[in-house]
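>>> Structure of the sequence below:
(chains A and B)
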Amino acid sequence: GDQVEQSPSALSLHEGTGSALRCNFTTTMRAVQWFRKNSRGSLINLFYLASGTKENGRLKSAFDSKERYSTLHIRDAQLEDSGTYFCAAEAMGYKLTFGTGTSLLVDP
Amino acid sequence: NAGVIQTPRHKVTGKGQEATLWCEPISGHSAVFWYRQTIVQGLEFLTYFRNQAPIDDSGMPKERFSAQMPNQSHSTLKIQSTQPQDSAVYLCASSSTGGLETLYFGSGTRLTVL
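Next comes the predicted model:
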């Protein structure tokens, strides 16, 4: 079936630094959504992209359907950014296939 | 806007008992989805309703699992004769039309089958 390969599985950042998470897709996806799991376990929407890039504060996401990948860039990481981040891609219709998640820890 | 509301937050059942999970989608959203999250499988699609009609239940285990959407304000996921392997976090999500758009998730129901 369709697969979403998310990396890294874990990431540790010092406060103020940045990095990128990546999802590679084994098939052409129509859209991608990025989530962060909050302390209550809820999946909080970060971005939804059908193409191109979107930016929101210190987060920026890109999606290239043809090259089969999406990225989530975090800059100037803050302690409250710690959590688990998921990408989820939509091949056709409405079914989302989720990546395995990236556990981000931001330390002082 | 309270978001997608799921109840209960936690449910513990004994093996063989029935479990019913509830979901209230965002008001005005016509598409409702159920997903399940386990450590082994990650997040998996279960089933999807649009305008209360079942559209796709291809992710549902063939036996013991059923989902309904009797009205536009709530959906239920019922598991009969629960088994330990049913233990998971069950997530409900809604979107405006079910098309190419953002999906909004509830906080989930953590089901534990002893």
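>>> bridging residues for the nearest residue to A:M29 once chain neighbours are set aside?
The spatially closest residue to A:M29, leaving aside those adjacent along the chain, is A:A89, at 4.0 Å (CB to CB, 6 or more residues apart in numbering or on different chains). All C-beta atoms are positioned from the backbone trio N, CA, C, and that covers glycine. When bridges are called by DSSP bridges, A:A89 pairs up with A:V32, A:T97.
>>> I'd assumed A:T28 was in contact with A:A89.
No: using CB atoms under 8 Å, A:A89 is not in contact with A:T28, being 9.7 Å away.
>>> More neighbours: these two, which one.
A:A89 (28 against 13; other CB atoms under 10 Å in any protein chain shown).
>>> near chain A, which residues of chain B show up?
Within reach of chain A by CB under 8 Å from any CB of the partner chain, chain B has these residues: B:31, B:33, B:35, B:42-45, B:48, B:55-56, B:59, B:89, B:91, B:95, B:98-108, B:110.
>>> again, 7 Å this time
Contact residues, chain B versus chain A (CB under 7 Å from any CB of the partner chain): B:31, B:33, B:42-43, B:45, B:48, B:89, B:98, B:100-105, B:107-108.
>>> who wins for neighbours among those?
B:F33 leads the residues of chain B next to chain A on contacts (other CB under 10 Å) with 29 neighbours.
>>> where does that residue fall, helix, sheet strand or coil?
Put simply, B:F33 is strand when judged by DSSP: H, G, I helix; E, B strand; the rest coil.
>>> now do A:E80
helix.
>>> Could you list the low-confidence segments of the chain?
Going with chain A. Within chain A, the stretches with pLDDT under 70 are A:1-2, A:93.
>>> um, chain B though
Those would be B:1, B:100, if you go by pLDDT under 70 across chain B.
>>> Now stretch A:59-75: buried residues?
Using 16 or more other CB atoms under 10 Å in any protein chain shown as the test for burial, stretch A:59-75 gives A:59-65, A:68-74.
>>> Stretch B:9-28 too?
For stretch B:9-28, by 16+ other CB under 10 Å, it's B:K11, B:T13, B:A19, B:L21, B:C23, B:E24, B:P25, B:I26.
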